[in-house]
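Undergrad: Quick one, what's the 3D model for this:
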Amino acid sequence: MAGLRFSFSSGVISPGSGTTKTLLQLTAPANQKVRVEKLRLSGKNVTASDAPTQVELLWQTDAGTGGLSTLTPVKLYEDDTETIQSSILYGLWATTEPSAGGILLSQLVDPKGHYDFLFPPMRELVIAGGSRLGIRVVSTPVATSWIISGEFEE
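TA: Numbering: from 1, shown residues only. All right, here's what the predicted structure looks like:
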């Protein structure tokens, strides 16, 4: 890792209810690790009594297919001359969901608030070169909209 820090923020993603859907996938560049510093999942719903949604942070073994948007990460220090090489897909996989690998974290998240996945210094989550990290919602009890943001280092 060369110390190139970057952030991103997705657009609004609305998976509907009763579905398990990947919302975002980050792919590390080939032969280069990426260090995850923090991820934030923000939900929006209008009914105060809505049940929490299960959210998983997981390894994924392929990219899946169909109907995705590409995020352009932003350098945290605009004077850095290096090029960000990581790729980030977000939205709803229309054709085939990415294949799940191991689930790293699973959390019930209130769809009217936010949840932060925080990784303290020297204990950050590291994505191996060419590997994929995904965030998905599991069998959402109600239709909810989400925005995901995060900070990483290549």
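Undergrad: Quick check: chain neighbours aside, which residue is closest to Ala128?
TA: Nearest residue to Ala128, sequence neighbours excluded (C-beta to C-beta, 6 or more residues apart in numbering): Lys33, at 6.0 Å. (Glycine included, C-beta is placed from N, CA and C.)
Undergrad: wait, what's in contact with that neighbour?
TA: Residues near Lys33 by C-beta atoms under 8 Å, 6 or more residues apart in numbering: 1, 126-129, 154.
Undergrad: now swap in Glu37 and tell me
TA: Neighbouring residues of Glu37 by C-beta under 8 Å, 6+ apart: 5, 119, 124, 150-153.
Undergrad: residues near the residue lying closest to it once chain neighbours are set aside, how many?
TA: Spatial nearest neighbour of Glu37, excluding adjacent residues (C-beta to C-beta, 6+ apart): Glu151 at 4.5 Å. By other C-beta atoms under 10 Å, the residues close to Glu151 number 18.
Undergrad: Glu151 against Val74, yeah?
TA: No. Using C-beta atoms under 8 Å, Glu151 is not in contact with Val74, being 10.1 Å away.
Undergrad: and for the two, which residues touch both?
TA: Common neighbours of Glu151 and Val74 (criterion: C-beta under 8 Å, 6+ apart): 6-7.
Undergrad: my guess is Gln32 contacts Gln85, does it?
TA: Yes. Using C-beta under 8 Å, Gln32 makes contact with Gln85 at a distance of 6.5 Å.
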